[in-house]
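[1] when you get a sec, could you give me coordinates for this:
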Amino acid sequence: MLFRKTHILMVNKPKHIVHDNLRKPIDKLRVRRQSENELEGIMQNPVGFGYDIISKIILTSATNNSTSVVILNKFDLLTNAFVILIFIGLWGLTAYYFINFEGDFLYSTITTFSFPIIGALITKYSFRIYDKRIMKIYASLLYVEDPN
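    Down below sits the predicted model:
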């Protein structure tokens, strides 16, 4: 995968409470259980296709009253495939211009070559924004006080 980020958090709660807090239903985020120590979350983009963030959450008991939470966020496969195909297509078009045309299409060659780079930067920064947004949601779920 092209874009991924790992977060490691320590929570002063037992593992079963952290597990239950993360499984609370939220409109923007769905978390499902993979195993006793693993969860999988998805935050879907409400507009269009792609740009969904998939999270793999690993819970480990550090002590009786604290839990280590490892969250790996990444873009979904559709977004990664789309970005790669756009880059290959535009750079292929640029190579075609370099091989078959002379100085007439220099401007179009430069712009075609720069679009994949600009697209990669836009995707990188949008991933940062989505990553911050989903981590705020996870933090609010993790650090909620236990009513007991």
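[2] in the longest helix along the chain, what counts as buried?
    Selection of the longest helix in the chain by residue count, based on DSSP state H, yields helix 106-142. Using 16 or more other CB atoms under 10 Å as the test for burial, helix 106-142 gives 109, 112-113, 115-116, 123, 127, 130-131, 134-135, 137-138, 141-142. From N, CA and C alone the C-beta is placed, and that goes for glycine too.
[3] which elements pack onto it?
    Packing partners of helix 106-142 (3 or more CB pairs under 8 Å, 6 or more residues apart in numbering; DSSP states H and E): strand 4-11, helix 15-22, strand 38-43, strand 53-63, strand 66-75, helix 77-100.
[4] check the offset of it from the chain's centre.
    Taking the mean of its C-alpha atoms, helix 106-142 sits 10 Å from the chain's own mean (CA atoms, centre = their mean, to the nearest Å).
[5] and that helix with helix 15-22, angle?
    130 degrees (axes from the mean of the first three to the mean of the last three CA atoms, to 10 degrees).
[6] which residues of the protein score low on pLDDT?
    Under the criterion pLDDT under 70, the flagged ranges of the chain are 1-2, 48-50, 101-109, 112, 145-148.
[7] redo that, cut-off 50
    Applying pLDDT under 50 to the chain flags residues 147-148.
[8] now Phe115. Nearest residue, chain neighbours left out?
    Leu90 (5.2 Å; CB to CB, 6 or more residues apart in numbering).
[9] for that neighbour, grab the count of nearby residues.
    Close neighbours of Leu90, defined as other CB atoms under 10 Å, add up to 18.
[10] from Thr111, how far off is it?
    Computed as CB to CB, to the nearest Å, the Leu90 to Thr111 distance reads 10 Å.
[11] much appreciated, bye for now.
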